[in-house]
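Participant: have a look; sequence and predicted model below, questions after that.
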Amino acid sequence: MSDSTDEALVREFVRTGSRAAFSQLYYRYKDKVFNTAYRIVGEYEGARDVAHDVFLKVYVEAPGFMFKASFSSWLYRIAVNRSLDEARRAKRRRTSSVDALPGELASGRDSDLPESSVIGKEAGAEFAEALSALSPKLRTVITLRYFEGLTYEQIAEVLGRPIGTVKSRLRRAHHKLGDKLNAMGFTPPEGDYGLFNLSGNDA
């Protein structure tokens, strides 16, 4: 069953109520969901709550899944919508969104995030501070594009927006990140990471 496609696992879970099928989906995507939530929300506890809610919603609503989109796109859509809701609540709970995410990264919690190695320890806190200064919607497109590796088409499907809107948001995110990082005197780590293409052109 570990080699089964997402669709096969969903169908098995819906048809038989197989806990093994659902568990396979959970372990296949739990890190992706948590990491997406963490980048959008900016708080460890909030992201953990989001991940819990996302898989509970998937468990309850899987029988209604119509396979009009891929399971992963459906899952990301649920995760993004729930994360944006939590980000709005988190903003009200803290005095400054800029203070929260870097503090958690500096405390060592970034070691729980598989994608943290993309940036590296030295650059991570600075980049996190710049990322946290973006609006949740801009953090979302950066997260889906670079940390989750989704294509423009996949992001458009997840967000329910035209590809042109996705590209426009990415350009705005690039400019805002670039301005913030330049003001901080940030130097990208060695290596060619698409994440640091901050000219406004997402190649």
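Facilitator: Yes, it's here.

Participant: give me the contacts around the helix or strand in which Arg139 is found.
Facilitator: If you go by DSSP states H and E, Arg139 is part of helix 136-142. Residues from elsewhere that reach helix 136-142, judged by Cβ atoms under 8 Å, 6 or more residues apart in numbering: 39-42, 80, 83-84, 87-88, 131-132, 134, 155, 159, 166, 169-170, 172-173, 176-177, 195. Backbone N, C-alpha and C define where each C-beta goes, glycine included.

Participant: show the average pLDDT along whichever helix or strand comes after that helix.
Facilitator: Going down the chain from helix 136-142, the next helix or strand is helix 152-159, by DSSP H and E. Averaged across helix 152-159, the pLDDT comes to 96.

Participant: ok, Val33 - how many residues close by?
Facilitator: 26 (other Cβ atoms under 10 Å).

Participant: name the element it belongs to?
Facilitator: Counting by DSSP H and E, Val33 is part of helix 19-41.

Participant: now do that helix against helix 152-159, angle only.
Facilitator: 100 degrees (axes from the mean of the first three to the mean of the last three Cα atoms, to 10 degrees).

Participant: beyond helix 19-41, next helix or strand please.
Facilitator: By DSSP H and E, the next helix or strand past helix 19-41 is helix 44-61.

Participant: now do that following helix: everything it contacts.
Facilitator: Residues outside helix 44-61 that contact it (Cβ under 8 Å, 6+ apart): 22, 25-26, 30, 33-34, 37-38, 41, 75, 78-79, 82-83, 86-87, 89-90, 104, 109, 112.

Participant: also stretch 6-21?
Facilitator: Contacts of stretch 6-21 (Cβ under 8 Å, 6+ apart): 1, 4, 22, 24-25, 28, 62-63, 65, 67, 70-72.

Participant: for that stretch, buried residues please.
Facilitator: Asp6, Leu9, Val10, Arg11, Glu12, Phe13, Ala21 (16 or more other Cβ atoms under 10 Å).

Participant: look up how far Phe71 lies from the third one.
Facilitator: Counting by Cβ to Cβ, to the nearest Å, the gap between Val10 and Phe71 amounts to 6 Å.
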